[in-house]
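*Asks:* just coords:
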């Protein structure tokens with residue numbers, strides 16, 4: 001079968017690479033598309049993908065977002081006019097959903113951000129199948145996915161690539177103790193007018209060790225790209241206002257502090273409840289919490305082994321849709 005995967009962010013690339021590898025090994029053809037974004041192009045090379053770049057990330061205004069999204073849909077429509085894929089898969093790509101729905105292509109979606117209301121409205125109702133963590137509440141799923149088949153798994157999305165992660169050598173070049181701070185995603189649609197608290201924390205945490213501050217919107221240049229999933233594996237502490245890098249770290253046993261209300265998500269609190277070293281904190285309390293947990297890596301291998309790999313669920317969904325089309 002011809003299967004289309006579209007990635008809009010670095011996380012999508014990681015997820016898509018894991019899915020594409022599995023599906024190719026099963027004999028499927030995978031069409032991998034991405035939009036130009038500070039993380040996507042460089043990370044695609046790191047994970048061994050050579051995707052088709054369609055469109056770019058333009059968060060300057062509501063108009064720029066709308067125009068770029070519409071342009072991507074038009075380009076996809078032309079791209080698949082003569083030979084559309086059999087199935088489309090994404091982590092809530094708005095443009096994939098609109099294109100696939102318009103062309104009558106069944107859609108498999110993954111999702112983990114109930115707080116991203118705009119994206120949820122524009123993607124989830126189109127899903128034929130939704131593959132999500134058991135951390136997400138039933139109320140969220142019923143609100144957006146009344147006509148979808150819902151498959152819930154034990155664990156979080158990041159398990160899909162953390163279990164088999166191959167660490168890059170560059171991550172071992174930083175002095176210890178290593179503290180990784182990830183800037184807040186201030187230009188996300190769900191975070192308007194938010195002040196990034198991580199900037200002020202850099203100087204405070206430098207008293208405890210070597211701080212590596214990972215910006216979000218600084219460059220498309222692959223020479224400046226750092227493979228954050230490998231980097232946090234070597235870290236003594238991770239501080240983030242977001243989610244993906246925090247979960248990547250915690251799943252590898254690295255103590256992780258999450259700040260901001262955006263960081264208090266269902267999947268983050270789920271991991272904390274399951275015993276992974278992930279801690280919620282207000283910005284003013286981060287320094288004291290950092291002193292308590294820095295360098296105290298936890299062996300989470302047994303806990304990680306108990307989690308499902310969501311790629312297994314996605315592959316089963318593909319098999320089921322294939323049978324329905326036969």
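*Replies:* Looks like it came in fine. Keep in mind that this is a model prediction, so the values were computed, not measured. Numbering: from 1, shown residues only.
*Asks:* so residue 307 sits right up against residue 159, yeah?
*Replies:* Yes - the criterion here is Cβ atoms under 8 Å, and residue 307 meets it with residue 159 at 4.9 Å. Placement of C-beta: from N, CA and C, glycine included.
*Asks:* and for those two, which residues touch both?
*Replies:* With contacts defined as Cβ atoms under 8 Å, 6 or more residues apart in numbering, no residue is shared by residue 307 and residue 159.
*Asks:* chain center to the strand or helix carrying residue 101, what's the gap?
*Replies:* Remark: residue 101 resides in helix 94-102, with elements defined by DSSP states H and E. Relative to its chain's centre, helix 94-102 lies at 19 Å (Cα atoms, centre = their mean, to the nearest Å).
*Asks:* That one: which residues count as buried?
*Replies:* Residues of helix 94-102 classed as buried by neighbour count (16 or more other Cβ atoms under 10 Å): 94-101.
*Asks:* how about the strands in the stretch 201-326 of the chain?
*Replies:* For the stretch 201-326 of the chain, the strands defined by DSSP state E, counting those that start in this stretch cover 210-214, 237-240, 256-259, 278-281.
*Asks:* How about the stretch 51-200 of the chain?
*Replies:* With strands called from DSSP E, counting those that start in this stretch, the stretch 51-200 of the chain shows them at 52-56, 87-90, 107-111, 129-133, 149-153, 178-182.
*Asks:* chain center to the last one, what's the gap?
*Replies:* The reference is to strand 178-182. Distance of strand 178-182 from its chain centroid, counting by Cα atoms, centre = their mean, is 18 Å.
*Asks:* tell me the mean pLDDT for stretch 99-118?
*Replies:* The pLDDT scores in stretch 99-118 average 95.
*Asks:* What backbone torsions are found at the closest residue to residue 270 other than its chain neighbours?
*Replies:* Once flanking residues are discounted, residue 270 sits nearest to residue 135: 3.5 Å by Cβ to Cβ, 6 or more residues apart in numbering. Torsion angles at residue 135 (phi, psi; degrees, to the nearest 10) stand at phi -70, psi -30.
*Asks:* I'd assumed residue 156 was in contact with residue 135.
*Replies:* Yes - using Cβ under 8 Å, residue 135 is in contact with residue 156, at 6.8 Å.
*Asks:* Which residues are in contact with each of the two?
*Replies:* Common neighbours of residue 135 and residue 156 (Cβ under 8 Å, 6+ apart) are 112, 267, 270.
*Asks:* number of nearby residues for residue 7?
*Replies:* 28 (other Cβ atoms under 10 Å).
*Asks:* Residue 255: neighbour count?
*Replies:* 24.
*Asks:* To clarify, my last question referred to residue 164.
*Replies:* Around residue 164 there are 11 other residues, counting by other Cβ under 10 Å.
*Asks:* and it, what does it touch?
*Replies:* By Cβ under 8 Å, 6+ apart, the contact list for residue 164 reads residue 18.
*Asks:* now it: how far from residue 47?
*Replies:* Plainly put, residue 164 is 11 Å away from residue 47 if you go by Cβ to Cβ, to the nearest Å.
*Asks:* Then residue 78?
*Replies:* Taking Cβ to Cβ, one finds residue 78 at 27 Å from residue 47.
*Asks:* what about those two, which has more around it?
*Replies:* Set residue 78 next to residue 47 and count neighbours by other Cβ under 10 Å: residue 47 wins out with 18 against 9.
*Asks:* So residue 253 sits against residue 296, correct?
*Replies:* No - under the criterion of Cβ under 8 Å, residue 253 makes no contact with residue 296, lying 9.5 Å away.
*Asks:* Domain boundaries for this protein, per the record?
*Replies:* Here the domain parsing of the chain from automatic domain parsing is 2-154+308-325, 169-305.
*Asks:* quick one: pLDDT of residue 182?
*Replies:* At residue 182, the model reports a pLDDT of 91.
*Asks:* Neighbours of it, how many?
*Replies:* The number of residues near residue 182, taken as other Cβ under 10 Å, comes to 25.
*Asks:* Contacts only, for it.
*Replies:* Contacts of residue 182 by Cβ under 8 Å, 6+ apart are 198, 214, 216, 228, 238-242, 245-246.
*Asks:* how does it look with 6 Å?
*Replies:* 214, 240, 242, 245 (Cβ atoms under 6 Å, 6 or more residues apart in numbering).
*Asks:* And these, which is closest to residue 20?
*Replies:* Distance to residue 20, by Cβ to Cβ, is smallest for residue 245 among the contacts of residue 182, at 21.9 Å.
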